[in-house]
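Trainee: sequence and predicted structure below; questions after.
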Amino acid sequence: EGELTKAFRDARDQLVQSVDEATKNKECMKALLMEHMFVHNFAGFVRLVLGFADDLVQQSKDSKHFPPVTERPAISSLWDRTVVLDRAHLTWVARACLSIFTGFAIGYFGFMDLFNKFDASIATTSSVLLSKFLGSAMVKNLGRVQGVVLGTVVGQIVHATLESCETRTIGALALVLFCYSCITLFTYYNSTQYSYLACLLAAFGGSGMLSGGCGTHSLDKGSSYDAILSTVCAIALIVLYDIVVSPGRASAMAYTALDSSVGTLEKALGMHFDPAVAHVRFHKGELLASISTAESMGAEANNEPRYWRTEWKNGVYNQAVEHAFRLRYNLAAMETSVAEGFEDRGMKIDVMNKLLRTPGFIRLADFIGEDLQTLQPLVGVFVHETVDRFPALVDASMLKGLSQEAKQAQEAAIAEVAKNPALRTKGVEGSLESDPLCQVCMVLSCVSTILGGVRELQHSILRSE
């Protein structure tokens, strides 16, 4: 790190020789903006690696160097009321209980010639097939029906074809079972979409091939039909109660999570760009949780039945989530770099406070705030489920482009900051993380990238219409 720091500062000084300090700072920030950001991040990486290595050395000498794991005071603390009484969990418990006890009632009393009395297969099947999936629940349940039916039928066909006790027939049955198991289990372990279907095919197909003895007509079509009928009934009950006691649509939850992510980003930047806020509170964890929820709910929304609604904009939504993750990376980098000691709730560094008093930087921060306010209504396109034109697009301000104005504001901020005598580079020693020009370039790069990311997110939504 020391060699890189010295080499970088020497190269920077040689690049802008024979000019005054203000001009030097301005030219360095304009020509070497990305280079300053890179070495700032590299210095931070070195600091973290060395700190972790030092902790490992200290831990090897003193087993109590790391703080002890906080144990729960009692077993009762495992039941957190805020979690247990959460609406999503309560609705799932209600759906599960209704499905299982309705299946138990049908199996206990029977129903005509379809279901025998004192048969627990419907209830047990319901308990196995229960899941917390929202949009994809129906798709997965139909896949389970396919697995049970196809596995049972294939097993019966193979068993009926190769039921004699001849050596070659037994060998052929073993070979077919081996090949069938290889194919289905390979699909189970290597496919995400058809893994559960392949598992059911392997289980029901394999058991069907080995049912009964050889040389006897032991094919029991009645019990196979009963198993299929119980599975269909269990799935029908699950689907029914998923509709009646629904926790909400996956598409609406996906929109809420993405909208919350935009709101969290706007709140975080508003606090960081507010001169009255002296401390830096990290929002990267909160934003990550919100975006991750949006990502998972988007996958569920793509599989939910749409009925009369327009198709879910899966491609556009995935692009929006990708842009949101990139915005979070830049927010996390900026939060860490402007906090004293690089810690949560640390004081803002002097460079950040000086930037917040610069008219050009203030204008640049205003551009981000305006773009985020413009973006939030656009996110509503994911719950716009008719063929009519999206109402938010009627506002002409949604289509306004300010890229040239933002570039001018960034150049103005660089020129104004370069004149500040506190940013002199002569005599500055230590890590590049404490170098004033590196700190300024780090903040300006993050702000510029966030501004570009917000506009890319806007354009990805606008292009969908």
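Mentor: Nice, thanks for sending it over. Because the structure is a prediction, the values reported are computed rather than measured. Residues are numbered from 1 along each chain as shown.
Trainee: what sits closest to Asp119 if chain neighbours are left out?
Mentor: Gly107 (4.3 Å; Cβ to Cβ, 6 or more residues apart in numbering). (Glycine included, C-beta is placed from N, CA and C.)
Trainee: read off the pLDDT value for the one you found.
Mentor: Predicted confidence (pLDDT) for Gly107: 90.
Trainee: now do the same contact list for it.
Mentor: 115-123 (Cβ atoms under 8 Å, 6 or more residues apart in numbering).
Trainee: next one: the strand or helix carrying Val49 to chain centre, how far?
Mentor: Taking DSSP states H and E as the definition, Val49 sits inside helix 33-61. Centroid separation between helix 33-61 and its chain, computed with Cα atoms, centre = their mean, to the nearest Å, is 27 Å.
Trainee: in that helix, which residues are buried?
Mentor: 33, 36-44, 46 (16 or more other Cβ atoms under 10 Å).
Trainee: check which helices and strands that helix sits against.
Mentor: helix 2-15, helix 314-337, helix 436-463 (3 or more Cβ pairs under 8 Å, 6 or more residues apart in numbering; DSSP states H and E).
Trainee: in the second one, which residues are buried?
Mentor: For helix 314-337, the buried set under the neighbour-count rule, 16+ other Cβ under 10 Å, comprises 316-317, 319-328, 330-337.
Trainee: state the mean pLDDT of stretch 407-422.
Mentor: Here the average pLDDT along stretch 407-422 is 72.
Trainee: ok, stretch 232-252 next?
Mentor: 84.
Trainee: name the residues that touch it?
Mentor: Applying Cβ under 8 Å, 6+ apart, the set of residues contacting stretch 232-252 is 87-88, 91-92, 94-95, 98-99, 102-103, 106, 115, 122-123, 125-126, 129-130, 134-138, 141-142, 144-145, 297, 300-301, 303-304, 312, 382-383, 385.
Trainee: now do the phi/psi pair for the residue of the chain most remote from its centre.
Mentor: Distance from the C-alpha centroid of the chain peaks at Glu166, with 56.3 Å (Cα atoms, centre = their mean). Dihedral angles of Glu166 (phi, psi; degrees, to the nearest 10) stand at phi -70, psi 150.
Trainee: tally of neighbours for Glu405?
Mentor: Using other Cβ atoms under 10 Å, Glu405 has 12 neighbouring residues.
Trainee: tell me which residues touch it, please.
Mentor: Phe367.
Trainee: hey, C-alpha coordinates of the helix or strand it falls within in CSV?
Mentor: For Glu405, the host element (DSSP H and E) is helix 403-418. Output of helix 403-418 as CSV, limited to C-alpha atoms (Å, rounded to 0.1, in the frame of the first residue of the first chain):
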residue,chain,number,x,y,z
SER,A,403,-28.0,14.9,-18.2
GLN,A,404,-26.4,18.0,-19.6
GLU,A,405,-27.4,20.1,-16.6
ALA,A,406,-26.1,17.4,-14.2
LYS,A,407,-22.7,17.3,-16.1
GLN,A,408,-22.4,21.1,-15.8
ALA,A,409,-23.3,20.9,-12.1
GLN,A,410,-20.6,18.3,-11.5
GLU,A,411,-18.0,20.4,-13.4
ALA,A,412,-19.0,23.5,-11.3
ALA,A,413,-18.7,21.5,-8.1
ILE,A,414,-15.2,20.4,-9.1
ALA,A,415,-14.1,23.9,-10.0
GLU,A,416,-15.5,25.3,-6.7
VAL,A,417,-14.1,22.6,-4.5
ALA,A,418,-10.6,22.9,-6.2
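Trainee: tell me which residues of that helix come out buried.
Mentor: 406, 409-410, 412-418.
Trainee: could you export those to TSV, including columns for distance to Glu343?
Mentor: As requested, those are arranged in TSV below (distance: Cβ to Cβ, whole Å):
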residue	distance to Glu343
Ala406	31
Ala409	30
Gln410	28
Ala412	32
Ala413	26
Ile414	28
Ala415	32
Glu416	29
Val417	25
Ala418	29
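Trainee: of these, which is the nearest to Pro68?
Mentor: Val417 (45.9 Å; Cβ to Cβ).
Trainee: my read is that that closest one contacts Leu364, right?
Mentor: No: in this structure, Val417 is not within contact of Leu364 by Cβ atoms under 8 Å, at 11.3 Å.
Trainee: mind listing the helices for the stretch 101-250 of the chain?
Mentor: 121-129, 137-161, 167-190, 195-209, 221-244, 250-272 (DSSP state H, counting those that start in this stretch).
Trainee: and the second one, what does it pack against?
Mentor: By that I understand helix 137-161. Right, helix 137-161 is packed against helix 167-190, helix 195-209, helix 221-244 by 3+ Cβ pairs under 8 Å, 6+ apart.
Trainee: please name every helix or strand in contact with the second one.
Mentor: Other elements packing on helix 195-209 under the criterion 3+ Cβ pairs under 8 Å, 6+ apart are helix 137-161, helix 167-190.
Trainee: centre of the chain to it, how far?
Mentor: That offset, for helix 195-209, works out to 32 Å (Cα atoms, centre = their mean).
Trainee: stretch 178-193 now?
Mentor: The answer for stretch 178-193 is 28 Å, by Cα atoms, centre = their mean.
Trainee: list the buried ones in that stretch?
Mentor: Neighbour-count burial for stretch 178-193 [16+ other Cβ under 10 Å]: 180, 184, 187-188.
Trainee: a markdown table for those residues, including distance to Asp242?
Mentor: Formatted as a markdown table, the buried residues of stretch 178-193 follow (distance: Cβ to Cβ, whole Å):
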| residue | distance to Asp242 |
| --- | --- |
| Tyr180 | 33 |
| Thr184 | 28 |
| Thr187 | 27 |
| Tyr188 | 25 |
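Trainee: of those, closest to Ala203?
Mentor: Out of the buried residues of stretch 178-193, the member with the shortest distance to Ala203 (by Cβ to Cβ) is Thr184, at 8.8 Å.
Trainee: can you name the next helix or strand after the helix holding Val49?
Mentor: Assigned by DSSP H and E, the successor of helix 33-61 is helix 81-84.
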